[in-house]
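Colleague: Next one to model:
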Amino acid sequence: MHQSKVTKKSLHILTAIFAISLLASCGKKDDSKSASGANTEIVRIGNGAPLTGGDSYLGKDNENGARLAVEEINQKGLVINGKKITLELLGEDDAGDPKQGTQVAQKLVDSKVVAVVGHLNSGVSIPASKIYNEAGIAQITPSSTNPELTNQNFKNVFRLVGTDAQQGPILALYTVEKLNARKIALVDDATQYGKGLIDEFEKAAKAKEAHIVLHEATNNKATDFKAILTNIRAKNPDVIVFGGMAATGGLFAKQARELGIKAKIVGGDGICSPTLYDLAGDAVSNVVCSTVGVPKESLKDGGAFLKKYQERFGIEVQIYSPMAYDAVMIIVEAMKRANSTAAADILKELPNTNYEGISGQIKFDAKGDLKNSAITLNDYKEKKISTLEVMHMQ
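Modeller: Next up, the predicted model:
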């Protein structure tokens, strides 16, 4: 009798466990399938950029460009090797910080992304590239310009803009020959981008017999430049060249004006933002800066892209979103050629890219750098960026 009661109780428990297990298995979601059906595969593309901090407006611009491409591809429909593909963009905030950037890189690798669009800052892209390289995942940066990124000779790294080895000398040429500068003061923000750009500028300027009267270093979190600017004012340079981002460059230009410094301020793509006026005020009229690519107005089908972007996100394109958009497109083109969504197959096909994107014709050299890149020189008129000259690299 006792044995019979135990058996019945056990049967009740087993039945309950079975029912719970059945319900749990029915409720499980298969990450490789979408809600639209069992023949749909979800393919993840990573995006790493600063979504917080001083460079967040540029980081969000990059993410928006990539997201717009993903949404358009999903809307049109994508089939690879007989399977319907739904792309998913995994956007992560690297805060423009190298340490956080490597954590983001590992997180994207662990999330099984097939390729990464990013990062914004060279100082983040370079350490992150080692993680992607070890994982065999393609990294396509829409904006990092430090030559060291591709000089590592990793086979997984690609760049959709020119480098500081091109940008620095062009800025030096313009400063010496067009601005007739003979005495030049240099300031960098001690990041791989800012210092790298200024180093390239300095080499080229010295080759043209310009005199570097001072080279100061700050940091990318600084807000008070009066001590540095006081030292610069004592040297009375013709031009000040600033290597850094708009978050610091705008304040630098504003404080230079407040101290009565008349020297022109020249900078690279880091400061060359439509939002520079918000920080620099009327001092933007004294700024000349370069961008790594053609002007927004010269993009292929640029008018349509700018309109779509504005309608989707409610803000204007900043600088690099067209390149981030193109990065997603060439990843998908590599999938099509490989007839595969595997990271290794995509990576194998990317060096063969020959794609007419909205940012221009995209082909890579043996290091992963963009062939025939463009550098645009700009100033500011009526608070907005105005193109001075576009120079195409060979």
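
Colleague: following the helix or strand bottoming out on mean pLDDT in the chain, which helix or strand comes up?
Modeller: The weakest-scoring helix or strand in the chain, judged by mean pLDDT, DSSP states H and E, is helix 2-27 (a mean of 40). Using DSSP states H and E, the helix or strand that follows helix 2-27 in sequence is strand 40-49.

Colleague: For that following strand, list every residue counted as buried.
Modeller: Going by neighbour count (16 or more other Cβ atoms under 10 Å), the buried part of strand 40-49 is Glu41, Val43, Arg44, Ile45, Gly46, Asn47, Gly48, Ala49. To be clear about C-beta, it is placed using only N, CA and C from the backbone, and glycine gets the same treatment.

Colleague: For that strand, give the mean pLDDT please.
Modeller: The average pLDDT for strand 40-49 rounds to 97.

Colleague: Could you spell out the sheet neighbours of that strand, each with its direction?
Modeller: strand 83-93 (parallel), strand 115-118 (parallel) (DSSP bridges).

Colleague: For the nearest residue to Gly360 once chain neighbours are set aside, list the residues it contacts.
Modeller: Nearest non-adjacent residue to Gly360, counting by Cβ to Cβ, 6 or more residues apart in numbering: Val294, 6.5 Å away. Val294 makes contacts with Ser359, Gly360, Ala374, Thr376, Val390, as judged by Cβ atoms under 8 Å, 6 or more residues apart in numbering.

Colleague: These in strands, which ones?
Modeller: Assigned to strands by DSSP state E, the following of the contacts of Val294 qualify: Gly360, Ala374, Thr376, Val390.

Colleague: Could you list the low-pLDDT ranges of the stretch 201-350 of the chain?
Modeller: For the stretch 201-350 of the chain, no stretch has pLDDT under 70.

Colleague: ranges for the strands of it?
Modeller: Along the stretch 201-350 of the chain, counting by DSSP state E, counting those that start in this stretch, strands occupy 211-217, 239-243, 264-267, 287-291.

Colleague: So the spatially most central residue of the chain: helix, strand or coil?
Modeller: In the chain, the C-alpha closest to the average C-alpha coordinate belongs to Leu120, at a distance of 2.8 Å (Cα atoms, centre = their mean). At Leu120 the chain is in coil, as set by DSSP: H, G, I helix; E, B strand; the rest coil.

Colleague: what about whatever helix or strand Asn378 lives in, distance to the chain center?
Modeller: Here Asn378 sits within strand 374-381, counting by DSSP H and E. On the basis of Cα atoms, centre = their mean, to the nearest Å, strand 374-381 sits 19 Å off its chain's mean C-alpha point.

Colleague: Touching that strand from outside, list them.
Modeller: 162, 166-167, 170-171, 174, 272, 276-277, 284-285, 287-295, 360, 385-393.

Colleague: cutoff 7 Å now
Modeller: Applying Cβ atoms under 7 Å, 6 or more residues apart in numbering, the contact partners of strand 374-381 are 162, 166-167, 170, 174, 272, 284-285, 287-295, 360, 385-393.

Colleague: Stretch 94-106 now?
Modeller: 48-50, 52-53, 55, 92, 119-121, 123-124, 127-128, 131-132.

Colleague: and if we set it to 8 Å?
Modeller: Under Cβ under 8 Å, 6+ apart, the answer for stretch 94-106 is 48-55, 59, 92-93, 116, 118-121, 123-128, 131-132, 220.

Colleague: What of stretch 306-318?
Modeller: 57-58, 61, 64-65, 68, 71, 273-275, 296, 299, 305, 321.

Colleague: Buried residues in it, which are they?
Modeller: Applying 16+ other Cβ under 10 Å to stretch 306-318 flags Leu306, Lys308, Tyr309, Phe313, Val317, Gln318 as buried.

Colleague: hmm, which two among those residues are most spread apart?
Modeller: Lys308 and Gln318 (15.1 Å; Cβ to Cβ).

Colleague: Leaving out chain neighbours, which residue sits closest to Ala128?
Modeller: For Ala128, the spatially nearest residue (Cβ to Cβ, 6+ apart) is Ala105, at 3.9 Å.

Colleague: From Pro50, how far off is that neighbour?
Modeller: 14 Å (Cβ to Cβ, to the nearest Å).

Colleague: could you list every residue that touches Arg337?
Modeller: So Arg337 contacts Glu349, Asn352 (Cβ under 8 Å, 6+ apart).

Colleague: how about 6 Å then?
Modeller: Counting by Cβ atoms under 6 Å, 6 or more residues apart in numbering, Arg337 touches Glu349.

Colleague: measure it to Glu389 for me?
Modeller: 36 Å.

Colleague: What pLDDT is listed against the closest residue in space to Ile331 that isn't next to it in sequence?
Modeller: Closest residue to Ile331 in three dimensions, ignoring its sequence neighbours and counting by Cβ to Cβ, 6+ apart: Ala115, at 4.7 Å. pLDDT for Ala115: 98.

Colleague: who wins for proximity to Asn156 among the strands of the stretch 201-350 of the chain?
Modeller: strand 287-291 (26.1 Å).

Colleague: picking that back up, looking at the buried residues of stretch 306-318, which are in helices?
Modeller: Leu306, Lys308, Tyr309, Phe313 (DSSP state H).

Colleague: Can you lay out those as TSV showing distance to Leu197?
Modeller: Converted to TSV, these look like this (distance: Cβ to Cβ, whole Å):
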residue	distance to Leu197
Leu306	27
Lys308	32
Tyr309	27
Phe313	29
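
Colleague: just those now: which is nearest Asn151?
Modeller: Of those, the one sitting nearest to Asn151 (Cβ to Cβ) turns out to be Tyr309, at 32.6 Å.

Colleague: got a pLDDT number for the closest residue in space to Gln152 that isn't next to it in sequence?
Modeller: Distance criterion Cβ to Cβ, 6+ apart; nearest residue to Gln152, sequence neighbours excluded, is Ser129 at 6.7 Å. Looking at Ser129, its pLDDT is 98.
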